[in-house]
Structures are given as structure tokens and as C-alpha cells.
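Chemist: Sequence first, then the predicted structure, then my questions.
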Amino acid sequence: MTSKSLEKILAPVMKFEGLGVPIGLVQDIIFRLLFNEGEASVARVSTVLGIHASVADDLLSRMKQEHLVEITKAGSIGSLSFTYSLTDAGTKRARDGFDRSQYVGRVPVSLDDYSTAILAQTSGSRRVSPGQVQQALSHLILPDNFHRRIGPAVNSGSSLFLYGPPGNGKTTIAEAIAKLLAKDDPIWLPDSVVVGGQIIRIFDPLVHIPLNDDEISLYVNPYGKSGSTDKLKVDKRWRLFQRPSVMVGGELTMDALDLRYEPIAKVYEAPLQMKANGGMFLIDDFGRQQMRPQELLNRWIVPLESSIDFLRLQSGQSVEVPFQQLIVFSTNLDPNDLVDDAFLRRIQMKVLVGSPDEKLFYQIFLAVCKQYNVPFDKRSFVHLLQKWYRDASRVMQSVHPRDIVKIVMALCDYESIPVRLTPDLVDEACFSYFVDETASVAWVSPVQLNGAARHPQAATAVSIPA
């Protein structure tokens, strides 16, 4: 973070005018805080609003002159030690403030400052090495040089399309990318921004993980000093977070990609892509959302091209915000059936995550046995390979070894015997795991007995009256 503009944005604000937001908005937050808590010291107001104590003192002094607040306790170190409560006139103003918004928290930053800060922390500054990507994927067994398909997409910070049959680790790969982005490169973000007097809440505790003091001490602040947040000379409205990671699946709706007005809190909730700014946004199971892929294309075709998103307030005012995150699409459907060439052209990197061959499958099976402390048995593995894949013409999936071994463990636990692999236990696990392709015939046809003869485990006990 060497950008002068970013340093200026993060610098402590010692005068109210430097906050860049209307004074009425800040006073409303103070009114609501005093109404909720009965009274509050200058230090308390400073902490909750994320503003310097001198700014809080100045604001409260102005409000006292207008007979909106009064001093209930006076400390020994001057006005900075005063404790305030609302007067009757202040209580009325507080009620009016609640009509406008319920927001109590850090004072929002201006949209211009937010946009500048995001761009300064995302524009070409992120570089990951092959070693870092390999380390991030080291817990996965993947084809040789697979990291070369992932690393360039992470460095470009634009978009990535993971596709291929189910059960081969697309989501796990995306999660590894998210951890890679979050590691060693935190980002300064505000809790909220203000546009046209309206508050847009960005902070989401499920997405934004703040660094603790010990972690912050490992990083250098814009002024070359390290230490806890109390010692950092930074505007406290900004906090240092891990790079955010937003992951959604089939539950994604179009509404989640636009500003959402909360009628009770009377604030706007930022859309998911805005919460993901500076990090990663994964759309898992792409094509199975409640919206058609073409609708998402129409919504994002401009942001994917220009890195700028346009949002709209209820008043009709259009808001321009950065669209700066690694967008990852993951699907087990055929991409050519999902979207047109215009969409695929805007996604720079497409990576096929295919099914493992027998060599990789063997390596995965060995790793799973080691992970769960199950003694590997070569005879049982060869039996599994021959009967349940080669003879059955079944496609291997990377997830199969884990699931089969866990079923074997459950079978051994049920019988209270030591966990082990045997051909019989492998057969029993596979009978439970794989769907019998003849089952659908058995539901509608009396030929089920033929299927039961081939697969004894599928037979059903039926009591026939004499």
C-alpha cells in the first residue's frame, strides 16, 4: 500500500470537515447511540463511530451549545473525559433520527474514498508465484502442472471458469484459491459508505474477517509503523480484513446482485459482488441458480468488461462502484449449453477439472486411507477397480475414494470390528454408494427379480399371505 491517495484516505481525520460526510448524518448516529445507551462518554462515542476523540468532542460540544445534549459526568482531564446524555430536545431529534435510519456504528466513508481505496489495493498489486499456488493446492491430488492453469487467473484478478463432471474438486479448488487470496495480503475496508445521504452497509461478519492485533502487528501501516490498531495512525473507520470470499450456489437470485433496502433498519445492504470487492466471488453450481444464466450475463456483461458496476437507489439515483474481485464460475454442466460465446469470451480463463485416471485414482485412494488411518489393502483396491469401474464402465470421480472408505469405516464400526479393507467390505460399501441402474426398471416392472438375482443386496423381503 504505497499509493499516496490511499495514504491520504487512511490518514486520521482530526477535523469534522475531513470526514467527507454530512454533519447531520454523523449527529444522527450520536443521537441514536445516546438514546440506546442512555449516556456515553466522549471515548465511547469515538470508539463506536470510529472517529478521533477530538472530532467526537467537537461534535458533542456543538450539540451541547444547541441544547441537544448535556453533561452528566465531568472527568479530570477536560472535555475529553465528559459523559453526555440527551436533553428533551435531543430525545426528539433522536426519534427523528430513527425515522431516517436505525444505523449505529462506524461513520460511513464517502463513495469516492471507497472506490479509490479499492482500486489502489487491487490494481496490479497482487502477484502469486507458482510456489504459492502449488502450496495452496498441495492438499489436493491433481494432474501435473495443474497450478499453471490457476495461477495466471489469480494474478489477472479477473475471472475463472471451472468446469467438468461432478465430484472432482472444483469447489475445493475454488476454496483453496480463496484461502490463497486471503493469506498474507489483507485489505483496508470500511463498514459502510454513504451516497446521497443514504448508507450502504458493506461489512458482513460472514464474509469479512478482521485481523486481530497480533496479526496486524505483522503488517506495516501506511506510515511505516507497526503495532495494534490503537497505535496505528489510521482513520478508525477503516479496518484491516482478510481478503473477502463470497460463495453462493443454487440459492443465488438476481436481487442479491443489486442494492437491497432494509425497510426496518432503513439502510441499504451492499450486493454480494460489492462485498467481495478485493477478494473472490464464487458462483458454485453455475446454471442451477434461480435465474437463467443469460440473465446473469445481461447483468454482468458490462462489469466483466469494464470492472465497473452500476447500482440504483430507490430514488432512482445511479451509483457507480468498483467491480474488482476474482469471479469464479464452477459448473458440472456443459458450458456451451449454458452461455453464449459473448459471455465465455469475457471470462478469460477456462479450466477443465476432469475425472482422474487410474493412476491419480490410486494416489487419491492411498491419501484417503492415510488420512482416516485405514490400512491400505492392494487386493481390495484392485477388486474395486476391476469390478466397480472397469467391468461396470463407470467413470471415476475424485470424491469416490473418500466416500467409499468412510462407508467401510461405518460398516466396521457397526459390527464393532477393527477397521480394515476387504473385497467383501468394498462390495458392501459400493452396493450402498452407487445407484443401481436397473432400479428404475424394478419400480415399474415385475422383472425386478432378475435384477435382484444379479444384485442380491437389492432384494426386498416381502411377506406373502397364504
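Modeler: Cool, the structure landed.

Chemist: beta partners of the residue most central in space within the chain?
Modeler: Nearest to the mean C-alpha position of the chain, by Cα atoms, centre = their mean, lies residue 246 at 2.3 Å. On the basis of DSSP bridges, residue 246 is bridged to residue 281.

Chemist: got a list of what it touches?
Modeler: Residues counted as contacts of residue 246 (Cβ atoms under 8 Å, 6 or more residues apart in numbering) are 207, 272, 273, 275, 276, 279, 280, 281, 282. Just so you know, the C-beta spots here come from the backbone N, C-alpha and C atoms, and that holds for glycine as well.

Chemist: try it again with 10 Å
Modeler: Residues counted as contacts of residue 246 (Cβ atoms under 10 Å, 6 or more residues apart in numbering) are 178, 204, 206-207, 256, 271-277, 279-283, 325.

Chemist: likewise residue 388?
Modeler: 394, 396, 400, 404, 426, 427, 429, 430, 431, 433, 434.

Chemist: What is the neighbour count of residue 17?
Modeler: Residue 17: 9 surrounding residues under other Cβ atoms under 10 Å.

Chemist: typo on my end, residue 244
Modeler: If we define neighbours as other Cβ under 10 Å, then residue 244 has 25 of them.

Chemist: That one against residue 210, yeah?
Modeler: No: using Cβ atoms under 10 Å, residue 244 makes no contact with residue 210, being 11.1 Å away.

Chemist: For the two, list the residues in contact with both.
Modeler: 189, 203.

Chemist: Just give me the closest of the contacts of residue 388 to residue 161.
Modeler: Taking Cβ to Cβ as the measure, residue 396 is the one of the contacts of residue 388 closest to residue 161, at 22.9 Å.

Chemist: Looks to me like the closest one is in a helix.
Modeler: No: per DSSP: H, G, I helix; E, B strand; the rest coil, residue 396 lies outside any helix segment and is coil.

Chemist: How about the contacts made by it?
Modeler: Residues near residue 396 by Cβ under 10 Å, 6+ apart: 165, 167-168, 355-358, 360-361, 364, 385, 388-389.

Chemist: most neighbours, which of these?
Modeler: In the contacts of residue 396, the most neighbours by other Cβ under 10 Å go to residue 168, 24 neighbours.

Chemist: Let me see the confidence value for the closest residue to that residue other than its chain neighbours.
Modeler: Closest residue to residue 168 apart from its sequence neighbours, by Cβ to Cβ, 6 or more residues apart in numbering: residue 398 at 4.5 Å. Note on residue 398: pLDDT of 93.

Chemist: is it true that residue 398 touches residue 140?
Modeler: Yes: assessed by Cβ under 10 Å, residue 398 is found in contact with residue 140 at 8.3 Å.

Chemist: Now for these two: what residues contact both?
Modeler: Counting by Cβ under 10 Å, 6+ apart, the shared contacts of residue 398 and residue 140 are 169, 172, 364.

Chemist: for these, which one is nearest residue 81?
Modeler: Ranked by distance to residue 81 (Cβ to Cβ), those are led by residue 172 at 54.1 Å.

Chemist: would that closest one count as being in a helix?
Modeler: Yes: judged by three-state DSSP, residue 172 forms part of a helix.

Chemist: how many neighbours does it have?
Modeler: What residue 172 shows, counting by other Cβ under 10 Å, is a neighbour count of 15.

Chemist: so it sits right up against residue 282, yeah?
Modeler: No: counting by Cβ under 10 Å, residue 172 sits too far from residue 282 to count as a contact (11.2 Å).

Chemist: all strands for the stretch 151-300 of the chain, in order.
Modeler: 159-163, 187-190, 192-195, 198-201, 238-241, 245-248, 260-262, 267-269, 280-283 (DSSP state E, counting those that start in this stretch).

Chemist: do you know which of these lies nearest residue 351?
Modeler: Ranking the strands of the stretch 151-300 of the chain by proximity to residue 351 (Cβ to Cβ) places strand 159-163 first, at 5.4 Å.
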